[in-house]
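**Student:** Attaching a predicted model along with its sequence, questions to come.
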Amino acid sequence: MSLLDDVLSANGGLARWNSLSRFTLHLSISGKLFDSVGRAGEFKDVTAEGATRTQSICFMGITGGKYSGSFQPDAITIEAMHGEVLRTWRDPSPAFPQSDPAVLADELQLVFFCGVAIWNDLVGPFLLARPDVVVEELPPWEERKESWRRLRARFPPSVITLAPEQVLYFDVNGLLRRTDHDLFGMKVAQYSWAHGSFGGVIAPTLRRVHMLQADGSVIAKPVLMDVEIFDAFFE
């Protein structure tokens, strides 16, 4: 079996994933990227509902429970909790700046960023099975006295990502432990751990994004982004 086959099997299997259409998460998102633009606590203790087949996710209870924020490739919206649309950003992807994290001070940009990040993180391994995603196995990587197998993934323009090329690291059990990619002009590593089983789908419940030095070593602080999933449900 190829590494990709091992990964798909370890995360619940492609057949199980293909039988699902929606997910619901209870999570919090924080980190330096949020704090530095005055958005600390914006995504604390929120509910996210989304689709597994299409890039769509809605965060309910952002800004201390006052609003909801919806991400889809053709529009980002901020809504009151009773459903009134307060702000809309049409066709966001081509306009999203890749070099300046200060844009996250704008709530629409923040919803876009979190929507792309959380949806891709959750769909993760199964996204690699798409025929338009180019996957290449790289030599293993030694870290923490473990040998992690690696895949380089190149995503097509039709898939909105934070970076079109990423390197993913998997442990001996086929579970994702690290992802390297560009972010706002920086090289970063996203670590994933505390995997849980949710309706037969395996997903990490903790993720943390760190900057990388030129030699590939991790800068421990500050933590750019910290994601904790308290519960997940797939249907």
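**Tutor:** Right, received. Where do you want to start?

**Student:** From now on I want contacts and neighbour counts done on CA atoms only, so please keep to that.
**Tutor:** Noted.

**Student:** Next up, the contacts around the closest residue to residue 21 other than its chain neighbours.
**Tutor:** Leaving out its chain neighbours, the residue that sits closest to residue 21 by CA to CA, 6 or more residues apart in numbering is residue 52, at 5.1 Å. When contacts are counted by CA atoms under 8 Å, 6 or more residues apart in numbering, residue 52 touches 20, 21, 22, 23, 123.

**Student:** Would you mind measuring from residue 154 to residue 117?
**Tutor:** Distance, residue 154 to residue 117, by CA to CA, to the nearest Å: 16 Å.

**Student:** Look at these two and report which has more neighbours.
**Tutor:** residue 154 (17 against 14; other CA atoms under 10 Å).

**Student:** The more buried one reaches residue 168, doesn't it?
**Tutor:** No: the pair residue 154 / residue 168 is not scored as a contact, 11.0 Å apart, by CA atoms under 8 Å.

**Student:** Where does pLDDT dip in this structure?
**Tutor:** Counting by pLDDT under 70, the ranges of the chain that qualify are 1, 94-98.

**Student:** And the helices in it?
**Tutor:** Along the chain, the segments classed as helices by DSSP state H run 3-10, 14-18, 32-35, 62-65, 107-127.

**Student:** nearest to residue 227, of those?
**Tutor:** Nearest to residue 227 among those is helix 107-127 (8.8 Å), distances taken as CA to CA.

**Student:** ok and the closest one relative to helix 3-10, angle-wise?
**Tutor:** 100 degrees (axes from the mean of the first three to the mean of the last three CA atoms, to 10 degrees).

**Student:** Touching helix 107-127 from outside, list them.
**Tutor:** By CA under 8 Å, 6+ apart, helix 107-127 touches 7-8, 11, 14, 17, 50, 52, 55-58, 69-71, 76-78, 87-89, 92, 96, 103-104, 133, 160-162, 203.

**Student:** Could you give me the PyMOL selection string for whichever of these are buried?
**Tutor:** The PyMOL selection below is limited to those of those classed as buried (16 or more other CA atoms under 10 Å):
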select buried, resi 7+8+11+14+17+50+52+55+56+57+58+69+70+71+76+77+78+92+103+104+160+161+162+203
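
**Student:** So for residue 103, what's the nearest residue that isn't a sequence neighbour?
**Tutor:** residue 109 is the one closest to residue 103 (CA to CA, 6+ apart), at 6.4 Å.

**Student:** Wait, residue 149 touches residue 167, no?
**Tutor:** No: counting by CA under 8 Å, residue 149 sits too far from residue 167 to count as a contact (10.3 Å).

**Student:** more neighbours, the two?
**Tutor:** Between residue 149 and residue 167, residue 149 has the larger neighbour count (other CA under 10 Å), namely 21 against 18.
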